[in-house]
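*Asks:* Here is the input, now give the coordinates:
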Amino acid sequence: IGAAFFQASLVADREGHWVLARTYAEKAKAAYEELSDRVHVGRLTNNLGGLNFLLGKTDEAIALLKEAFSIALDNGLEQDAAQAVSSLAQINLRTGDVEKAAEQAEHALRLLKGHEDYLDEIGNAQLVLGRALLQQDRVDEAEEAFLSAEASFEQLGSASHRAAAWVARGDLAARRGDDRLAAHLYRTAAEALQDVRF
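*Replies:* As a prediction, the model looks like this:
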């Protein structure tokens, strides 16, 4: 039952139905709590943090992500802890605390070292790091982070992830005043996301 609700939550999240996704995640978490399955409780707590942020409940989101981080460390799951820290970095980036976002993204990347099966999380942390550095005008360091994210997403083979890296690189090119390169990168991202090829 917990697994079914967990999957239903992921589907609802992907479709943008965040209230429904949160409801399913809460039901899944309750089922796993009855089983004393702390690993899944931690993962659902992490997801609930992200969903609460998307629903505008930033303080609740941060509290849930900190709880998820603690549960992950208690269970020796560095990769789960990294996901929670990476989510906190994303929140801090979006709420304007770019220095903290960069620090947390770097922490997530340290935790993910040696976990190549988490390429999506590695790439996302690199992207958050790059955006946080760019907002601090640390342009060369931001470019290095964006190129690393692009390389991670290339290995992952996801067009939408690579498009996110190209958009970030486009923003960096625009910051440098290279409008031609920025336009090329934005166009590349847009073309990658097209679902009609012919």
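
*Asks:* For stretch 22-30, list every residue counted as buried.
*Replies:* Buried positions in stretch 22-30, judged by neighbour count with 16 or more other CB atoms under 10 Å: R22, T23, Y24, A25, K27, A28, K29. Where C-beta positions appear, they are placed from N, C-alpha and C, glycine not excepted.

*Asks:* Restrict it to CA atoms and write it as PDB.
*Replies:* Output of stretch 22-30 as PDB, limited to C-alpha atoms (Å, rounded to 0.1, in the frame of the first residue of the first chain):
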ATOM      1  CA  ARG A  22       1.200  15.600  -1.200                       C
ATOM      2  CA  THR A  23      -1.900  13.700  -0.100                       C
ATOM      3  CA  TYR A  24      -0.600  10.500  -1.600                       C
ATOM      4  CA  ALA A  25       2.900  11.000  -0.100                       C
ATOM      5  CA  GLU A  26       1.400  11.600   3.300                       C
ATOM      6  CA  LYS A  27      -0.600   8.300   3.000                       C
ATOM      7  CA  ALA A  28       2.500   6.500   1.800                       C
ATOM      8  CA  LYS A  29       4.500   7.900   4.700                       C
ATOM      9  CA  ALA A  30       1.800   6.800   7.200                       C
END
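
*Asks:* Would you map the helices across this protein?
*Replies:* Shown for the chain, the helices assigned by DSSP state H span residues 2-14, 18-34, 38-54, 58-74, 78-95, 98-111, 119-135, 139-156, 159-175, 179-192.

*Asks:* wouldn't L127 be in contact with A165 here?
*Replies:* Yes - contact criterion CB atoms under 8 Å: L127 and A165 qualify, at 6.4 Å.

*Asks:* joint contacts of those two?
*Replies:* Shared contacts of L127 and A165 (CB atoms under 8 Å, 6 or more residues apart in numbering): F146, A149.

*Asks:* and the residue nearest to K100 when sequence neighbours are not counted, what pLDDT?
*Replies:* Nearest residue to K100, sequence neighbours excluded (CB to CB, 6 or more residues apart in numbering): N92, at 4.5 Å. We have a pLDDT of 97 for N92.

*Asks:* re earlier: which one of the buried residues of stretch 22-30 is nearest G96?
*Replies:* Nearest to G96 out of the buried residues of stretch 22-30 is R22 (CB to CB; 24.6 Å).
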